[in-house]
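> next input, structure requested:
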Amino acid sequence: MNRGYVRLWRKSLEAGWLKNHKLWAFWSYCLLKATHKEFNAVIGLQTVHLMPGQFIFGLHKAKEETGLSIRSIRTIIDFLRKAQNLTIKTTNKYSIITIVNWQTYQTQENENDKQNDKPLTNKGQHTRTKEHKNISPEEIQSLEERYSDKDLINQCFKSISSTRKTNRISDSVKLNILNKWNEYPAEQVKAAMRIYLEKGYAAQGKEENYLLGIIRGNAKQQPAANISSGKVMKRTGSMLDKVYQEQGFTLI
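Model (predicted):
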């Protein structure tokens, strides 16, 4: 865990984090402390299984390693939690901090799985390559066919790809996105895609998880029967209402 590197995204400049030196120092500390792969950490006589993006956290240890006061650390953690950049789970013996969206911003998968991170073993490289070879184009095409507007879905994936440094996503990422969308009515997903594109969220660095949030945020408010009918549905009270009206839905 003391080898390798982490990625710093330029949108941190736009958010003004760099000007807040204490916030930037602690956030960088969290990125550097987080593990890049699964492993078992031993705490006393207890084994704690950590996933990528997690690390064991202690206030006094963090104070020692960052030079920040405990009060400042608590204030910053509260800010990062509310901003949904991290979560923290506390027990009576230790805490686990989890970096939200670690897989999206830090894993090699976003660069078509080119393994540039030396701590990753050759075994891991071969496993990932095999996973990509097993992905069938027909499987992706089948999931895309539920959306009648082919141009819309192509534009959406193009926008999602633009959030990567390489301006592309691998087939495994695309398949994963489509599988998640498949849990919701097609019209609901298409409406969310239109919002994502019209608002230019990709240009703001907001990737597929943000789009999924738009879909999920209205899932309970949008009855599938009404959407599938193509005629009448209940108002959602959200920005989706305008999209549905433009598609010819009658909102009640």
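> span of stretch 166-173 from start to end?
By Cα to Cα, to the nearest Å, the extent of stretch 166-173 from end to end equals 14 Å.
> give me the mean pLDDT for that stretch.
On average, the pLDDT along stretch 166-173 is 87.
> same question, stretch 189-200
Taken as a whole, stretch 189-200 has a mean pLDDT of 90.
> same question, stretch 41-60
The pLDDT scores in stretch 41-60 average 88.
> contact partners of it?
Applying Cβ atoms under 8 Å, 6 or more residues apart in numbering, the contact partners of stretch 41-60 are 30, 33-40, 70, 73-74, 88, 93-100, 102-103, 106-107. (Each C-beta comes from the backbone N, C-alpha and C, glycine too.)
> ok, of these, which come out buried?
Applying 16 or more other Cβ atoms under 10 Å to the contacts of stretch 41-60, the neighbour count classes 30, 33-36, 73, 96-100, 102-103, 106-107 as buried.
> closest to Gln84 among the residues you listed?
For these, the residue nearest Gln84 by Cβ to Cβ is Val100; the value is 5.6 Å.
> that closest one is in contact with Ala83, isn't it?
No - Val100 is beyond contact range of Ala83, at 9.1 Å (criterion: Cβ atoms under 8 Å).
> which of the buried ones among the contacts of stretch 41-60 sits closest to Glu144?
Gln103 (22.7 Å).
> pull the number of nearby residues for Ile214.
Here the number of neighbours of Ile214 (other Cβ atoms under 10 Å) works out to 22.
> sorry, back to before: inside strands: which ones of the buried ones among the contacts of stretch 41-60?
Of the buried ones among the contacts of stretch 41-60, the ones assigned to strands by DSSP state E are Ile96, Ile97, Thr98, Ile99.
> identify the farthest-apart pair in these.
Greatest spatial distance among these (Cβ to Cβ): Ile96 and Ile99, at 11.0 Å.
> Ser161 versus Glu144, what's the distance?
Counting by Cβ to Cβ, to the nearest Å, the gap from Glu144 to Ser161 is 15 Å.
> who has more neighbours, the two?
Neighbour tally, Glu144 and Ser161, criterion other Cβ under 10 Å: the higher count belongs to Ser161, 18 against 15.
> got the contact list for that one?
When contacts are counted by Cβ under 8 Å, 6+ apart, Ser161 touches Asn167, Arg168, Ile169.
> and the nearest residue to the last one once chain neighbours are set aside, how far is that from Ile177?
I take that to be Ile169. Spatial nearest neighbour of Ile169, chain neighbours left out: Ser161 (5.1 Å); criterion: Cβ to Cβ, 6 or more residues apart in numbering. Applying Cβ to Cβ, one obtains 11 Å for the distance of Ser161 from Ile177.
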